[in-house]
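Engineer: here are the coordinates; sequence isn't available:
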């Protein structure tokens, strides 16, 4: 068979050598893994070098001259170095070009040592035979192993001064058994290398699919919104001089579209964390109770098939969120059986158009999840005495005839599938609402459902963080004044504000908006976190509007430094992507407020005023997410191990750093992955950081 190519037949010797000496134990692995495999080889193979003692004893018996002894020990040192140092680098590392060097060098050592040690030096051929097996294909290594066995068996009786009587089967047996064992090791290592390559390939494909999915979701969420924003902004700029009123209306729509786009992006990013029905029921129980809503929840989820629990968890999350934020409900009931889930409440439903009609809303994402398993989602919204969210999984003709049985807000998903016969309805357990002194008054004062939900979430978040004893009050956006909603007017006191944000366009826009308020004054702007303290010391602001991610030091570290340097200056964190982890850390750093940048200008101005008065202001959506996340499930040692793994450290590095065994580190990492509901340590680290558990 001819070898063709640009270099023609000249490539034949090189190709033949490459084929005969194919890598056997190497696979596609990281450098740290190769180092660990090499270390394991040295530990295990080094133990068996004890048999070289026979060679040393025979050399000492036959020769007593110091020069000959030194020469023999030098040969043994070279042999051991090749076997323990260079051979594992060829097997597991990137030194495959030294493959021939190892084999020829070890062979030369054996040939040079035999005249010195006599028959005792034949023990070295055992290691040489194993090296041939590990580095060469069987078609080449088998003849070489046979040659080693022949030399060990019949060479001693051919050399008279070795004083051997007949064939030395005692040496050929161990060599043959060792070679057979190495063939088994070689086959197992080759399978392991193939599994490693397949695993890495699967990881790459999964990352690529996830990247494509994120790109598709962001395009679907933001493509329409950004296009509309661009067109409307152009229209507003042309109408500014001709029709100022219409231009203002167009810009108001641009602002609304921008807020909706940011909300969709936040929901999309947060939604990548896997959920399950059990954890969502626990979170729902906590959120509903803390928000002053009595709940009737299932006592068990055993009747729900495993493949439906994640879907039902998403449905439960959406239903409870709607109940808390929009419906103004006082009671929520969740019913679950083997193929359906229903969330109903006694509220009035969403205050505006049906939720399903809003592009990019949570219901749209839920509809995509149901459609992904071949189901169909129906959503009906109307103002009534009761609203319900339900998902049903059925099969056969009955699925086509299912219709909403409740008035109000109804969400139903029908998934045709072959399922087990419907089980009995899971019994529910009633959970009374946590008494809230302001709930009844707020409900009778005519406030909207959104304001009521925000007030509840703000109060229960303060309780959740252990801050209710501080005398702080939470005021949602849009309420200014006393508990009756009357606006309080009095002498205007100028509030000095310092802006800290690394995006100069955003910083300039915030400064322009704040300067429009009669009682707010922007006294300075900084673009780095390490410039905040010096600006506070120089300008003495009342409030610092702090972004989280800034160069130098981040905004949370800067907030802690501000509180330590100037206790009278309050910090209001204003960030683009609100995360519950940032919220927890901001409160621990001493910040009094945490809001997102797309909040309406009036709400942002009011947040500044309340923070200046020493009141705590928290975005209601983030408060709900923080409550749903609950306290950290990680132990102190699990947190230490996860933090140590943040820089990509190996298990061995973490063990040395924390003075633990490698097995203990693996156990901690497995526990962390299980508690966070993730698949690997990096996903667990992301979830823990986003949740504020580190």
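Structural biologist: Thanks, I have it. Please read all numbers here as calculations on a predicted model, not as lab measurements. Residues are numbered from 1 along each chain as shown.

Engineer: Who are the packing partners of the helix or strand hosting residue 506?
Structural biologist: Assigned by DSSP states H and E, residue 506 belongs to helix 504-515. With contacts taken as 3 or more C-beta pairs under 8 Å, 6 or more residues apart in numbering; DSSP states H and E, helix 504-515 sits against strand 495-500, strand 520-526, helix 601-612. The C-beta positions use only the backbone N, C-alpha and C, and glycine is treated the same way.

Engineer: Now do the buried residues in that helix.
Structural biologist: 507, 510-511, 513-514 (16 or more other C-beta atoms under 10 Å).

Engineer: just the strands in the stretch 151-300 of the chain please.
Structural biologist: Using DSSP state E, counting those that start in this stretch, the strands of the stretch 151-300 of the chain run over 294-298.

Engineer: With the chain instead?
Structural biologist: For the chain, applying DSSP state E gives strands covering 294-298, 331-336, 340-345, 376-380, 387-392, 410-414, 428-431, 495-500, 520-526, 543-546, 570-575, 593-596, 617-618.

Engineer: Compare the mean pLDDT across those strands and name the weakest.
Structural biologist: Across the strands of the chain, strand 428-431 has the smallest mean pLDDT, namely a mean of 48.

Engineer: And stretch 235-255, end to end?
Structural biologist: End-to-end span of stretch 235-255 (C-alpha to C-alpha, to the nearest Å): 14 Å.

Engineer: thinking again about what came up before, could I get the helices and strands packed on helix 504-515 as JSON lines with distance to residue 665 and mean neighbour count?
Structural biologist: Formatted as JSON lines, these follow (distance: least, C-beta to C-beta, whole Å; neighbours: other C-beta atoms under 10 Å):
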{"stretch": "strand 495-500", "distance to residue 665": "39", "mean neighbour count": "23"}
{"stretch": "strand 520-526", "distance to residue 665": "42", "mean neighbour count": "19"}
{"stretch": "helix 601-612", "distance to residue 665": "43", "mean neighbour count": "21"}
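
Engineer: now the ones you listed in a markdown table, with distance to residue 649?
Structural biologist: Compiled in a markdown table, these are given as follows (distance: least, C-beta to C-beta, whole Å):
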| stretch | distance to residue 649 |
| --- | --- |
| strand 495-500 | 33 |
| strand 520-526 | 35 |
| helix 601-612 | 40 |
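
Engineer: Can you tell me which of these is nearest to residue 265?
Structural biologist: Ranking the helices and strands packed on helix 504-515 by proximity to residue 265 (C-beta to C-beta) places helix 601-612 first, at 19.4 Å.

Engineer: what inclination does that closest one have with respect to helix 504-515?
Structural biologist: 80 degrees (axes from the mean of the first three to the mean of the last three C-alpha atoms, to 10 degrees).

Engineer: contacting residues around helix 601-612?
Structural biologist: Residues from elsewhere that reach helix 601-612 (C-beta atoms under 8 Å, 6 or more residues apart in numbering): 475, 477-478, 480, 495, 497, 510, 513-514, 516-517, 519-520, 542-543, 545, 570-572, 574, 592-593, 595, 599, 617.

Engineer: Identify the bridge partners of residue 334.
Structural biologist: residue 343 (DSSP bridges).

Engineer: Now residue 149: closest residue in space that isn't a chain neighbour?
Structural biologist: Ranked by C-beta to C-beta, 6 or more residues apart in numbering and with sequence neighbours excluded, the top spatial neighbour of residue 149 is residue 172, at 4.7 Å.

Engineer: Quick check, that neighbour in contact with residue 153.
Structural biologist: Yes: using C-beta atoms under 8 Å, residue 172 is in contact with residue 153, at 4.2 Å.

Engineer: From the structure, what's the count of residues near residue 588?
Structural biologist: 13 (other C-beta atoms under 10 Å).

Engineer: ok, it to residue 568 distance?
Structural biologist: 20 Å (C-beta to C-beta, to the nearest Å).

Engineer: repeat for residue 650
Structural biologist: Taken as C-beta to C-beta, the span from residue 650 to residue 568 is 48 Å.

Engineer: which one of these two has more residues nearby?
Structural biologist: Using other C-beta under 10 Å as the criterion, residue 650 and residue 568 rank with residue 650 on top: 17 against 9.

Engineer: Spatially nearest residue to residue 590 (excluding sequence neighbours)?
Structural biologist: residue 563 (3.5 Å).

Engineer: Contacts only, for the one you found.
Structural biologist: Residue 563 neighbours (C-beta under 8 Å, 6+ apart): 569, 571, 589-590.

Engineer: Buried among those residues? Make that a PyMOL selection.
Structural biologist: Applying 16+ other C-beta under 10 Å to those leaves a buried subset, and the PyMOL line that selects it is:
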select buried, resi 569+571+589+590
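
Engineer: of all the contacts of residue 563, which comes closest to residue 634?
Structural biologist: So of those, ranked by how close each gets to residue 634 (C-beta to C-beta), first place is residue 589, at 20.3 Å.

Engineer: Cool, thanks, talk later.
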